[in-house]
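Asks: With the sequence up front, the predicted model follows.
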Amino acid sequence: MSADAFGDDNDNKYRMDRRERGKFIIISNKTFQPQTHMAERGGTDKDAESLMDDFGKLGFDVQTKKDQTREQMKKLMIDGKCHC
């Protein structure tokens with residue numbers, strides 16, 4: 001089945017020809033709330049650093065938020081969404 005069967009193939013691609021590419025929010029949870037009984041997540045700092053570097057080079061406004069609760073993550077997604 002061709003891409004045209006689902007509409008214009010370009011509808012499914014992020015436009016990279018704009019001067020300002022938009023936001024890229026990294027949620028880097030290393031330490032979790034005690035009630036979750038989850039261990040500290042090793043490697044998250046290196047992952048976040050790599051993402052910041054890569055997406056920064058692509059022109060995104062990269063923001064990192066550490067150790068976010070579920071409610072904080074929901075708020076980030078609502079506040080960070082595009083109002084274009």
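Replies: Yes, it's here.

Asks: looking at this, Lys74 is in a strand?
Replies: No - Lys74: not assigned to a strand; according to DSSP: H, G, I helix; E, B strand; the rest coil it is helix.

Asks: Which residues are in contact with Cys41?
Replies: You called it Cys, but residue 41 is Arg. Asn29, Lys30, Thr31, Phe32 (CB atoms under 8 Å, 6 or more residues apart in numbering). No exception for glycine: its C-beta is placed from N, CA and C like everyone else's.

Asks: For the helix of greatest length in the chain, output the C-alpha coordinates as PDB.
Replies: With secondary structure taken from DSSP state H, the chain has its longest helix at helix 44-57. Extracted C-alpha coordinates of helix 44-57, given in PDB (Å, rounded to 0.1, in the frame of the first residue of the first chain):
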ATOM      1  CA  THR A  44      19.900   8.700  32.700                       C
ATOM      2  CA  ASP A  45      22.300  11.600  33.000                       C
ATOM      3  CA  LYS A  46      24.400  10.400  30.100                       C
ATOM      4  CA  ASP A  47      21.200   9.700  28.100                       C
ATOM      5  CA  ALA A  48      19.900  13.200  28.700                       C
ATOM      6  CA  GLU A  49      23.300  14.800  27.900                       C
ATOM      7  CA  SER A  50      23.400  12.900  24.600                       C
ATOM      8  CA  LEU A  51      19.900  14.000  23.700                       C
ATOM      9  CA  MET A  52      20.600  17.600  24.600                       C
ATOM     10  CA  ASP A  53      23.600  17.600  22.400                       C
ATOM     11  CA  ASP A  54      22.000  15.900  19.400                       C
ATOM     12  CA  PHE A  55      18.700  17.800  19.400                       C
ATOM     13  CA  GLY A  56      20.500  21.100  20.200                       C
ATOM     14  CA  LYS A  57      22.600  20.700  17.100                       C
END
